[in-house]
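Peer 1: I would like to see how this sequence folds:
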Amino acid sequence: MDCLFCKIIAGDIPSAKVYEDDDMYAFRDINPEAPCHVLVVPKKHIASADEIGADNSAIVAKIYEKIPEIARLGGVKNGYRVVTNCGPDAGQTVFHLHFHILGGAVLGKMA
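Peer 2: From the prediction side, this is the model:
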């Protein structure tokens, strides 16, 4: 599989790890859009939110349960935004499900 995030999870591409367990990996975005910009990805390849179903939704729930801790580990203190892009029209550029945690400053209004 030629997936950037799968290569990061495997350690083939370096990353600034924030959190890891058996099911997920969280790392700092290389092009941050906020002082804290962490990506959280399931270790199992899921291409996008369109592929979430009964067989893999438990990992998505686990990720959301861990997001507050990951945000704190990333340096967030006063709130954060969680964003998932689904498909090219939404701006998804890496087709491995991932959640952006953005914080560390007052964030602008969503488009």
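Peer 1: biggest strand in the protein, by residue count?
Peer 2: strand 36-42 (DSSP state E).
Peer 1: what about stretch 11-20, how long is it end to end?
Peer 2: Stretch 11-20 has an end-to-end distance of 12 Å (Cα to Cα, to the nearest Å).
Peer 1: From the rest of the structure, what touches it?
Peer 2: With Cβ atoms under 8 Å, 6 or more residues apart in numbering as the contact definition, stretch 11-20 has outside contacts at 4, 7-8, 25-28, 38, 40, 66, 69-70, 73-74. For the C-beta atoms, the positions are set from N, CA and C on the backbone; glycine is no exception.
Peer 1: Now that we have these, which of them are buried?
Peer 2: With burial judged by 16 or more other Cβ atoms under 10 Å, the buried subset of the contacts of stretch 11-20 is 8, 25-27, 38, 40, 66, 70, 73-74.
Peer 1: just curious, which of those is nearest to residue 86?
Peer 2: The closest of the buried ones among the contacts of stretch 11-20 to residue 86 turns out to be residue 40 (Cβ to Cβ; 15.3 Å).
Peer 1: in this protein, which spans are strands?
Peer 2: Under DSSP E, the chain gives strands at 17-20, 24-28, 36-42, 80-83, 99-103.
Peer 1: And the longest helix belonging to the chain, what's buried?
Peer 2: Using DSSP state H, we find that the single longest helix of the chain is helix 57-74. Buried residues in helix 57-74, defined by neighbour count with 16+ other Cβ under 10 Å: 59-60, 63, 66-67, 70-71, 73-74.
Peer 1: Make JSON lines out of the buried ones among the contacts of stretch 11-20 and add distance to residue 98 and pLDDT.
Peer 2: Output for the buried ones among the contacts of stretch 11-20, formatted as JSON lines (distance: Cβ to Cβ, whole Å; pLDDT from 0 to 100):
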{"residue": "8", "distance to residue 98": "10", "pLDDT": "98"}
{"residue": "25", "distance to residue 98": "10", "pLDDT": "98"}
{"residue": "26", "distance to residue 98": "10", "pLDDT": "98"}
{"residue": "27", "distance to residue 98": "10", "pLDDT": "98"}
{"residue": "38", "distance to residue 98": "10", "pLDDT": "98"}
{"residue": "40", "distance to residue 98": "7", "pLDDT": "98"}
{"residue": "66", "distance to residue 98": "14", "pLDDT": "98"}
{"residue": "70", "distance to residue 98": "12", "pLDDT": "98"}
{"residue": "73", "distance to residue 98": "17", "pLDDT": "97"}
{"residue": "74", "distance to residue 98": "14", "pLDDT": "95"}
